[in-house]
Structure formats: structure tokens, C-alpha cells
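S.K.: Make a model of this:
(one chain, ligands or ions: 1)
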Amino acid sequence: MRITTVVIGAGHAGLAMSRCLTDRSIDHVVLERGEVANSWKTERWDSLRLLTPNWQSRLPGYGYQGDEPDGFRTMPETIDFIERYADVISAPVQTNTRVTSVRPGDDGYEIATDQGDWRCRTVVIATGACNIPRIPAVAEGVPSTISTLTPMEYRNPGQLEEGGVLVVGASASGTQIADEVHRSGRPVTLAVGEHIRAPRVYRGRDIKWWMDGAGVLDERYDEIDNIVRARNVPSLQLVGSDDRRDLDLNRLTDIGVKLVGRLAGVRNGKAQFSGSLPNQCAMSDLKMNRLLDRIDEWATENSLDGEVDPAHRFEPTRVEAVPPLDMDLGRIRTILWATGFRPDYSWLDLAVLDRKGRIRHDGGVVESPGVYLMGMPFLRSRKSSLIDGAGDDARYLSSHLASYLDHAITRPGLAVRTA
Ligand SMILES: Cc1cc2nc3c(=O)[nH]c(=O)nc-3n(C[C@H](O)[C@H](O)[C@H](O)COP(=O)(O)OP(=O)(O)OC[C@H]3O[C@@H](n4cnc5c(N)ncnc54)[C@H](O)[C@@H]3O)c2cc1C
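M.R.: Residues are numbered from 1 along each chain as shown. As a prediction, this is how the structure comes out:
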């Protein structure tokens, strides 16, 4: 089958692009290996709620329509939101169609799927940034008596054996799961590496409201000193809940979670931790205060000081001066690797991957002409990986794609590099 554009992936990013292509009358299909919103349906835990408020899911031609703009969507609500979006924009999604290869063709690209092949001029890769959990090499030393799992497999505490749990990683997933598991009566030890602390509410407003208003989320990829580093920054320690509670390390210490440093090794039934915990926490507090300074400056510049609560700072993270450097794993029944995710491009037969397996691109414009990328951290701005960031990226990249098609019509047979 022949079509102008194939979009791969029917998450919010692929759908936002679909809407923008429709606006430009570019014929396209969205190929999805599962169903619309597949990742939210199959890869998330039961209690997860979005950590971005309801108002902050603005997609091209669609947004929050309920009466709780400051609430946080549950998983069923998130799935419903994305499914409705697909309906409202009449996205041409072909579900249960797994793309198994993308390779250069005579006049563009050949897309092989388990439901037949497509030929197209342009391709949009919207297959998500979180396809495969990253598990550190030290996992090899874990005794076989200990169960291990990742946030993609975790559903709820009832799935875990009774007994101690070591959660490795203290970003959004790690802190949320550590909180839930510890409250279930399974004592949690949390191995803390680099993390980003943020309060849920500051000066009476949600932190995301401040970050949106102060322009933090709009910072562009080409204005950042170290974009490689910025693309690897961990997620904020936040949770979406009705009581708008914080989920920082102090909160976890208060309920009895034991904090240790970054997991450095597992040998002879013992876990070894880095001694950097106090430094990591001090660094995280410093970065949080820098963010709050920026917010305060913005509030003053915009004459908001009279409308919001006074500026203040939070208690520094409490840690033992000399945290333990090792721990006998005898009482640990489960290790949960909350150590991040990576995309899967095993099906991509184009010479566009760098030595770390990342797609080489300039703000979503992939090195192979006519190929575009969506939904990656800091693709074009700090909000690119959020639902709220897909709109701006899709608008820009669909416009680039349309120009490419115009250009390619006048210059047929533009060269594409082969793998
Ligand atoms: C735990 C967690 C919590 C998050 N919380 C928030 C939040 O609160 N707010 C927020 O804005 N963002 C949040 N995000 C970030 C982001 O919104 C999600 O990662 C989102 O799912 C990314 O959307 P996407 O469309 O880029 O990718 P996905 O939703 O992952 O969609 C990609 C689609 O591509 C399909 N696909 C993959 N490979 C193929 C193939 N070979 N062939 C065909 N189809 C394929 C997949 O099945 C999937 O449906 C969270 C992410 C995670 C992991």
C-alpha cells in the first residue's frame, strides 16, 4: 500500500502529529502495535495518576473539558482522554499492526508490518521514549532467591512477597512505588542516586503552574548549554494526589523508608552503596532552590506577589551523615529497578542511530530526509516528553514535513542513507 506519511505509534504524540497532518491535508496512517494508548493500558501500575494537572494536557484541537482542572488523572481517565482524542480528530489508526522494519525505498521508505507492507514518502516515529526498562549491570549479582521487577511489570504491592523490598532509583516512579509498597507493610529501602526534588505546591499554586508560567517548560533544545545532559535529567519527585502531598525523601523518611546511596554493586549476598547520598541530596536541594528563585523572580516581575502566598524555602533533605555503605540482602525479598527507561529501535533499519542507540536528530528532524521523531525528552523543549509538549512539536514538525514534501516534489529521488 502507498501513502504519503506513516506515523508509527498511537500514543498522544502520534495522535497529535496525526491531527496536524490532517490540518495540512497530508494523507497518512497511524500504525499501532496494540491499541490506542497502548503504553498507558499495558505498562503502568494500578494506582498511578498523572503528575501533571488536568489542565496541562493540551493537545492540538483538544484539551481538558471537566470541572477539575487542577486534579490529576487516574490511569482509566488518562486512557479515556487519549482514546477520545483519537475519536475527536478521526485519527486514521490501524491497530494491532506492529512495524517490524523501516528501510529506504525508491521514493521514500518501505515499512514492513505484521499486517502487510507500506510505501511512503515520509515517516514519523512516535513509538515512545519508555519502551524498555533500563536495568543496571549490577543486577547480574543479585541472588536468585530475590525476585526482581521493573515499574512496567509492577501493578500493586499485593503482587510482591511479604518481606523487605529494595527500590533502586528515586525519581517519580521509584519514590511513588517506594511510598505505596512501604505503606503495604513491606519495609522499603530506597537506593538514591541523582534525583530532582520539587514541592507539589509552592506559594499556594501547583509547581507545574509555576513552571508553565515562568517559561521553564518552554526552554528550547537549541538554547540549552548541554542538551545531551538535559535529555537525561531524571523526572521530578512528584505524585498526583487529591491531597496534593509532596513526595520527597523527607516524606519517605517520615513513614519509615530507609534511604541509602546509589546502588554500586551486589556481591556475596550483599548490596553495596555509594557514599554520595548526602551530596546527592544537597545538590538536589540546591537545584530545587534555584528553581524556586526563578519562580520568585517571575512572580515579582509579573506583579503576582500580592496574589500568592509569600516566598519561603523548604527544610533541607534529612540524611544520615554517614549512611550505610552496604546491606545484607538476607531480609530483601524483592528488588524493584526504578532506574529509567529507553526506547526500542530494533525495528529501524536506517543509519540514524548513534553509538548509544539514540536517533540522531535536530529537534525531531531526523538525519534521514523525510523522517521525524516525536515524544522524546527535550526533543524541542523541556516539555516535549509531556502530553502538553506534543502540540508545539507536532505543529513545527508537520510544517517541516510539509515543506519537505513540497521540496521533494520539485526534486524527486532525494537520496536517503542506507543502514
Ligand atoms: C510512569 C510514567 C508516568 C508518566 N507520567 C506523565 C504525566 O504525569 N504527565 C505527562 O504529561 N507525561 C507523563 N509521562 C510521560 C509520557 O506522557 C509518556 O511516556 C507517554 O506515554 C509518551 O507518549 P508517546 O505518545 O510519546 O509514547 P507512548 O504513549 O508510549 O506511545 C507509543 C506507541 O507506539 C507503539 N509502538 C511502539 N513500537 C511500535 C512498533 N514497532 N509498531 C507499532 N507501534 C509501536 C506503542 O504500542 C505505543 O502505543 C509518564 C511516563 C511514564 C513512563
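S.K.: ok, and for stretch 318-327, which residues are buried?
M.R.: Judged by neighbour count using 16 or more other Cβ atoms under 10 Å, the buried positions of stretch 318-327 are 319, 323-324, 327. Quick note: C-beta positions are derived from backbone N, CA and C, even for glycine.
S.K.: do stretch 266-280 as well
M.R.: Neighbour-count burial for stretch 266-280, with 16+ other Cβ under 10 Å as criterion, is recorded at 266, 271-274, 276-277, 280.
S.K.: Could you export these as CSV, including pLDDT?
M.R.: Written out in CSV, the entries for the buried residues of stretch 266-280 read as follows (pLDDT from 0 to 100):
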residue, pLDDT
266, 97
271, 98
272, 98
273, 98
274, 96
276, 93
277, 96
280, 96
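S.K.: List phi and psi for the closest residue to the ligand within the stretch 51-200 of the chain.
M.R.: Closest contact between the stretch 51-200 of the chain and the ligand, by Cβ to the nearest ligand atom, is at residue 128 (2.6 Å). Backbone geometry at residue 128, expressed as degrees, to the nearest 10, gives phi 90, psi 160.
S.K.: surely it meets residue 343?
M.R.: Yes. Taking contacts as Cβ atoms under 8 Å, residue 128 lies within contact range of residue 343: 6.5 Å.
S.K.: Those two - which one has more neighbours?
M.R.: Applying other Cβ atoms under 10 Å to residue 128 and residue 343 shows that residue 128 carries more neighbours, namely 22 against 19.
S.K.: Tell me the confidence at the more buried one?
M.R.: The model reports residue 128 with a pLDDT of 97.
S.K.: Who are the contact partners of it?
M.R.: By Cβ atoms under 8 Å, 6 or more residues apart in numbering, the contact list for residue 128 reads 9, 11, 13, 39, 343, 375.
S.K.: Which members of the buried residues of stretch 266-280 occur in helices, if any?
M.R.: Residues from these lying in helices, with DSSP state H as the criterion: 277, 280.
S.K.: Excluding chain neighbours, give the residue nearest to residue 281 in space.
M.R.: Across the structure, with Cβ to Cβ, 6 or more residues apart in numbering as the measure, the residue nearest residue 281 apart from its sequence neighbours is residue 317 (3.9 Å).
S.K.: burial count for the one you found?
M.R.: Under the neighbour criterion other Cβ under 10 Å, residue 317 is assigned a count of 22.
S.K.: Check the secondary structure at it for me.
M.R.: The three-state label given to residue 317 by DSSP: H, G, I helix; E, B strand; the rest coil is coil.
S.K.: Look up phi and psi at it.
M.R.: phi -60, psi 130.
S.K.: my read: it touches residue 246, true?
M.R.: No. Counting by Cβ under 8 Å, residue 246 is not a contact partner of residue 317; they are 11.5 Å apart.
S.K.: distance of residue 158 from residue 186?
M.R.: According to Cβ to Cβ, to the nearest Å, residue 158 stands 10 Å off from residue 186.
S.K.: Which residue of these two possesses the greater neighbour count?
M.R.: When residue 158 is set against residue 186 and neighbours are counted by other Cβ under 10 Å, the residue ahead is residue 186, at 17 against 7.
S.K.: pLDDT below threshold where in this structure?
M.R.: By pLDDT under 70, the low-scoring segments of the chain are 409-419.
S.K.: ends of stretch 168-176, how far apart?
M.R.: 12 Å (Cα to Cα, to the nearest Å).
S.K.: who's in contact with it?
M.R.: When contacts are taken as Cβ under 8 Å, 6+ apart, the neighbours of stretch 168-176 outside the stretch itself are 47-48, 51, 136, 151, 167, 178, 190-193, 195-196, 234-239, 247-249, 252, 263, 335-340.
S.K.: give the contact list for residue 7.
M.R.: 14, 17-18, 21, 28-31, 123-124, 126.
S.K.: Check residue 101 too.
M.R.: By Cβ under 8 Å, 6+ apart, the contact set of residue 101 is 110-112, 347-349.
S.K.: Kindly state the beta-bridge partners for it.
M.R.: Assessed by DSSP bridges, residue 101 has beta-bridge partners residue 112.
S.K.: Against residue 350, how distant is it?
M.R.: Distance of residue 101 to residue 350, given as Cβ to Cβ: 10 Å.
S.K.: cool, residue 241 as well?
M.R.: Residue 241 sits 42 Å away from residue 350, going by Cβ to Cβ.
S.K.: just residue 38 next, same as before
M.R.: Between residue 38 and residue 350 the distance, using Cβ to Cβ, works out to 23 Å.
S.K.: Now do the SS call for the closest residue to residue 192 other than its chain neighbours.
M.R.: Counting by Cβ to Cβ, 6+ apart, residue 170 is the residue found nearest to residue 192 once chain neighbours are left out, at 4.2 Å. Reducing the assignment at residue 170 to three states with three-state DSSP gives coil.
S.K.: For the stretch 301-419 of the chain, list the residues in contact with the ligand, please.
M.R.: Remark: the part of the stretch 301-419 of the chain in contact with the ligand comprises 347, 375, 385-388, using Cβ under 6 Å from any ligand atom.
S.K.: For residue 404, which residues are in contact?
M.R.: Contact criterion Cβ under 8 Å, 6+ apart gives 122, 369-370 as the residues in contact with residue 404.
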